[in-house]
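[1] predicted model and sequence follow; I will ask about them next.
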There are 2 protein chains.
Amino acid sequence: MTLNEVSALLLEHDNFEILTHNYPDGDCLGCGYALCLGLRQLGKNARVITTDKPKSFDFITKLCDDGDFEPEYIVSTDVADEKLLGKNEEKYTGRIDLCIDHHGTNKVKAAHSYVEPDAAAAGEIIYELLRLLNVELTVDIANCLYTALSTDTGCFCYTNTTSRTLRIAADLLDLGCDSAYINKVMFETKSKRRLALEREILENMIYCADDKCAIIYTTLKMVEGMGDDETEGIASIPRQIEGVKLGITVREKQGGEYKISARTNGDFDASAFCRQFGGGGHYAAAGCTLRGDLGSVLDTIRSAAEKAL
Amino acid sequence: MTLNEVSALLLEHDNFEILTHNYPDGDCLGCGYALCLGLRQLGKNARVITTDKPKSFDFITKLCDDGDFEPEYIVSTDVADEKLLGKNEEKYTGRIDLCIDHHGTNKVKAAHSYVEPDAAAAGEIIYELLRLLNVELTVDIANCLYTALSTDTGCFCYTNTTSRTLRIAADLLDLGCDSAYINKVMFETKSKRRLALEREILENMIYCADDKCAIIYTTLKMVEGMGDDETEGIASIPRQIEGVKLGITVREKQGGEYKISARTNGDFDASAFCRQFGGGGHYAAAGCTLRGDLGSVLDTIRSAAEKAL
């Protein structure tokens, strides 16, 4: 379907619920609230359904209350799979009328789906949709969409960033979005716990295979009480080190399980490395699970890395 | 003067030397080499003069050799003051024909000056200049200019980023610049020494004034053998911590001197804080110098912070 047809579907209805995924991030929240504000501007009822409202996104989630109306049309934004609806999965599975997303792997079974895998963020789609709907892009909407674009691209640094991403971001700056505040909160603020975690990770980092492999680990104790947003991005630490071809992150999970994330810079097959332990993934990013105690898991990974590199 | 007049001046001459500043960064090197390639495309002789060619910029500095010609026209790009020419200061001071820069504080005494303080990077000016000169923006030129823009804006994250910056970056992506490689080298690669330094800094970090102040320090021993590019950005670590109003970095220098950098998020006057020690600067970023041993310097700073906050 085309974006014009998406726009026509929205114009036909009046009472919307907009679903976002669990562990909500800047893209799904930015999309949900931008679309909600846009639909309200068109005289419709709309609310955003979230599993959680992380504090750092207050400036977005405060923009719309839930309103008082019976929803008749369910839209999902940035949701790749009903499983990702978290506590809302049961209620909404099979009930989604329109799915708007940018994940090529989208599995949502909706009456209508609009998926654009080339969009760096679902926010790019919502931006163009609101333009088609002749919604006035207010500063609030611009803030939502800038957050969507900047968070899904690591502030325009990740390889998914395209010229379209940058041009839309330029438009949002011209519309007066507060990129200074958003960038500060999203990219330049670390909790004390996060910094302490980074310190502990760096203290315990293991180099092996002639420094071509770096291994970091977190234990349950190290991340106690920390949300997913506070531990995000940890896995990119070892891969960033000059000369490291294989960066490995070992995360202790409940019940003696250890999640292994392998990251490479494209000159070593992370997927093949993880397959030997029953895992898999992509060439540059893959994972597997090991059982045992931390020492033996680290030994296993280390020997495998020495062998492979 | 207008950019059209700058372009006319360049067309009138044939043998160029392009000056960059000492401790060369992505902006001055990107500008220098993009302009050099552009002038050569117009059939002119040109070379770039640098004090140094940092390894991480090999992909830029390999683009032009020195050529064999007598220079008759000296252009500086991104140089705010002749003092910043480093070892080339004496040779070129008073000899610069055309200064192209984006520092509002530019002090270069050139025959002609074109300074655009609103440009996030001097690369924005060179981009528009090459367009005016009808130079074909090759992939090599696009790589130079993308490096200039992205490094001076922290990959479009700093507050100097404007919609113009983003639109030019979008054009450079469309021209085929290798943003993936450039971003990886510029923003996602850390040396082992840098990581070890970060670890040591985090180990020794001091919180005070009810955690509203965080102090980090580096000693000469901690940064032994490290270049300026490897220690860059350290001063932003304490300011990034949630709840911290005043982030202080203490750097040991030769002869028992300690350079103090104070950074705030705009809700505390760093300049006033540093003035009590004979320093100064801006509201959000200021500095001063203290003498003594590390322990007493840290005590002095700590007491002052406790008092001020």
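    Cool, the structure landed.
[2] pretty sure A:Gly46 is in a strand, no?
    No, residue A:46 isn't Gly; it's Ala. Yes - judged by DSSP: H, G, I helix; E, B strand; the rest coil, A:Ala46 forms part of a strand.
[3] A:Trp36 is in contact with A:Asn15, isn't it?
    For the record, residue A:36 is Cys, not Trp. No - A:Cys36 lies out of contact with A:Asn15 (C-beta atoms under 8 Å); the separation is 12.0 Å. C-betas here are computed from N, CA, C, even on glycine.
[4] common neighbours of the two, please.
    Shared between the contact lists of A:Cys36 and A:Asn15 (criterion: C-beta atoms under 8 Å, 6 or more residues apart in numbering or on different chains) are residues A:Ala46.
[5] who's more crowded, the two?
    The neighbour comparison of A:Cys36 against A:Asn15 (other C-beta atoms under 10 Å in any protein chain shown) goes to A:Cys36, with 25 against 15.
[6] dump the residue contacts of that one.
    A:Cys36 makes contact with A:Phe16, A:Ile18, A:Ala46, A:Arg47, A:Val48, A:Leu63, A:Cys64 under the criterion C-beta under 8 Å, 6+ apart.
[7] next secondary structure after the host helix or strand of A:Tyr146?
    Element membership for A:Tyr146, per DSSP states H and E: helix A:139-152. Next along the chain after helix A:139-152, taking DSSP H and E as the criterion, comes helix A:163-174.
[8] and the very next helix or strand once past that next one, which residues are buried?
    Using DSSP H and E, the next helix or strand after helix A:163-174 towards the C-terminus is helix A:179-187. Residues A:Ser179, A:Ile182, A:Asn183, A:Lys184, A:Val185, A:Met186, A:Phe187 are the ones in helix A:179-187 that count as buried (16 or more other C-beta atoms under 10 Å in any protein chain shown).
[9] with stretch A:299-309 instead?
    Under 16+ other C-beta under 10 Å, the buried positions of stretch A:299-309 are A:Thr300, A:Ile301, A:Arg302, A:Ala304, A:Ala305, A:Ala308, A:Leu309.
[10] and if you look at stretch A:229-238?
    Residues of stretch A:229-238 classed as buried under the neighbour-count rule (16+ other C-beta under 10 Å) are A:Asp229, A:Thr231, A:Ile234, A:Ala235, A:Ile237, A:Pro238.
[11] can you dump the C-alpha coordinates of that stretch into PDB?
    Backbone C-alpha positions of stretch A:229-238 (Å, rounded to 0.1, in the frame of the first residue of the first chain) are rendered in PDB as follows:
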ATOM      1  CA  ASP A 229      18.100   2.000  29.100                       C
ATOM      2  CA  GLU A 230      21.000   2.300  31.600                       C
ATOM      3  CA  THR A 231      22.800  -0.800  30.200                       C
ATOM      4  CA  GLU A 232      22.200   0.000  26.500                       C
ATOM      5  CA  GLY A 233      25.200   0.200  24.300                       C
ATOM      6  CA  ILE A 234      27.500  -1.700  26.600                       C
ATOM      7  CA  ALA A 235      28.000  -4.300  23.800                       C
ATOM      8  CA  SER A 236      29.600  -1.700  21.600                       C
ATOM      9  CA  ILE A 237      32.500  -1.100  24.000                       C
ATOM     10  CA  PRO A 238      34.900  -3.900  23.000                       C
END
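[12] export the buried residues of stretch A:299-309 as CSV, with columns for pLDDT and distance to chain B.
    Output for those, formatted as CSV (pLDDT from 0 to 100; distance: C-beta to the nearest C-beta, whole Å):
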residue, pLDDT, distance to chain B
A:Thr300, 97, 24
A:Ile301, 97, 19
A:Arg302, 96, 18
A:Ala304, 97, 22
A:Ala305, 96, 17
A:Ala308, 94, 21
A:Leu309, 90, 16
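[13] out of these, who's nearest A:Leu98?
    Distance ranking of those against A:Leu98, using C-beta to C-beta, places A:Ile301 first at 43.9 Å.
[14] show me what contacts that closest one?
    For A:Ile301, the contacting residues are A:Ile215, A:Ile248, A:Val250, A:Ile260, A:Leu290, by C-beta under 8 Å, 6+ apart.
[15] quick check: the farthest pair among those residues?
    The span of these, defined through C-beta to C-beta, is set by A:Ile215 and A:Leu290 at 12.5 Å.
[16] who's more crowded, these two?
    More neighbours surround A:Ile215 than the other of A:Ile215 and A:Leu290, with 23 against 18 (other C-beta under 10 Å).
[17] so what's that one up against?
    Counted by C-beta under 8 Å, 6+ apart, A:Ile215 has contacts A:Met205, A:Ile206, A:Tyr207, A:Cys208, A:Pro238, A:Ile248, A:Thr249, A:Val250, A:Leu298, A:Ile301, A:Arg302, A:Ala305.
[18] could you do A:Lys212 as well?
    A:Lys212 sits next to A:Gly243, A:Val244, A:Lys245, A:Leu246, A:Leu309 when contact means C-beta under 8 Å, 6+ apart.
[19] wait, the third one touches A:Leu309, no?
    Same thing as A:Lys245. Yes - using C-beta under 8 Å, A:Lys245 makes contact with A:Leu309 at a distance of 6.4 Å.
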